[in-house]
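Participant: sequence and predicted structure, then a few things I'm wondering about:
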Amino acid sequence: MELIILLLIIAGVAAFVVGVYNRLVAARNAFKNAFAQIDVQLTRRYDLIPNLVETAKGYLKHERETLEAVIKARNMAVDGLKGAAADPGNPAAMAKLASAEGALSGMLGRLFALSEAYPDLKANQNMMQLTEELTSTENKVAFARQAYNDAVMSYNNMREMFPGNIVASMFSFLAAQLLDIGAPEARQAPKVSFT
């Protein structure tokens, strides 16, 4: 009888550990999936930028440095995204992506501010369409980043609170990193007026 009770207790503890483990795995997969949505939107953003630069190039012949800086910032952001997509929970990869995104947003803001001085560029149909698509994509990135950060917070809470913290430490569930773009101007879509 004592052996049966002991086996039931062991089975109950094992079932409990398996349940907590499975919830941790599901939460980890949720934040990785949420990051995949960021990846989709950022990739779309990065694909729009060369077209934007190409459209502006004809009008901004004397602003070659700015155009090259935008492309360089875009390429750094693409590299940052690749690193973060490989391991969305990695704090260093997320910090690199956030930094690259901040730099890219700053350069895009500079490009848009510069385009204000060129009325023909502001009136160009391609430029207006690309700017609208970019702004729409920026909004989608913001929503995807919010969903990702919510999923990371849920996962981190699960792995830090009792009894999840015990199971998380037993099976090496590491903390995930939020995607936080530090510069306030990088938190907003570039504002452009073509009026």
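Facilitator: That came through fine.
Participant: pLDDT-wise, which helix or strand of this protein ranks last?
Facilitator: Each helix and strand of the chain was given a mean pLDDT (mean pLDDT, DSSP states H and E); the minimum falls on helix 119-123 at a mean of 76.
Participant: which residues touch that one?
Facilitator: Residues from elsewhere that reach helix 119-123, judged by CB atoms under 8 Å, 6 or more residues apart in numbering: 55-56, 59-60, 115-116, 127-128, 194. The way it works is simple: take the backbone N, C-alpha and C, and place the C-beta from them, glycine included.
Participant: elements contacting the longest helix seen in the chain?
Facilitator: Using DSSP state H, we find that the single longest helix of the chain is helix 2-57. Contact analysis of helix 2-57 by 3 or more CB pairs under 8 Å, 6 or more residues apart in numbering; DSSP states H and E lists helix 64-86, helix 91-115, helix 125-160, helix 164-170 as its packing neighbours.
Participant: list the contacts for the nearest residue to residue 74 once chain neighbours are set aside?
Facilitator: In space, and not counting its chain neighbours, residue 74 is closest to residue 49: 4.7 Å by CB to CB, 6 or more residues apart in numbering. Neighbouring residues of residue 49 by CB under 8 Å, 6+ apart: 70-71, 74, 104, 108, 134.
Participant: show the buried residues in these.
Facilitator: 70, 74, 104, 108, 134 (16 or more other CB atoms under 10 Å).
Participant: got any ranges where the chain has weak pLDDT?
Facilitator: Applying pLDDT under 70 to the chain flags residues 182-195.
Participant: middle-most residue in it, spatially?
Facilitator: When CA atoms, centre = their mean is applied to the chain, the residue found nearest the centroid is residue 38 (4.6 Å).
Participant: okay, the contacts of helix 119-123 in TSV with neighbour count and distance to residue 157 next?
Facilitator: Output for the contacts of helix 119-123, formatted as TSV (neighbours: other CB atoms under 10 Å; distance: CB to CB, whole Å):
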residue	neighbour count	distance to residue 157
55	20	45
56	24	45
59	18	50
60	18	48
115	24	44
116	12	45
127	22	45
128	15	44
194	14	44
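Participant: out of these, which is nearest to residue 93?
Facilitator: residue 56 (30.9 Å; CB to CB).
Participant: residues contacting the closest one?
Facilitator: The contact partners of residue 56, by CB under 8 Å, 6+ apart, come to 67, 111, 115, 121, 127.
Participant: need those residues in JSON lines (columns: distance to residue 99).
Facilitator: Shown next, in JSON lines, are the contacts of residue 56 (distance: CB to CB, whole Å):
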{"residue": "67", "distance to residue 99": "21"}
{"residue": "111", "distance to residue 99": "19"}
{"residue": "115", "distance to residue 99": "25"}
{"residue": "121", "distance to residue 99": "29"}
{"residue": "127", "distance to residue 99": "28"}
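Participant: no more questions from me, cheers.
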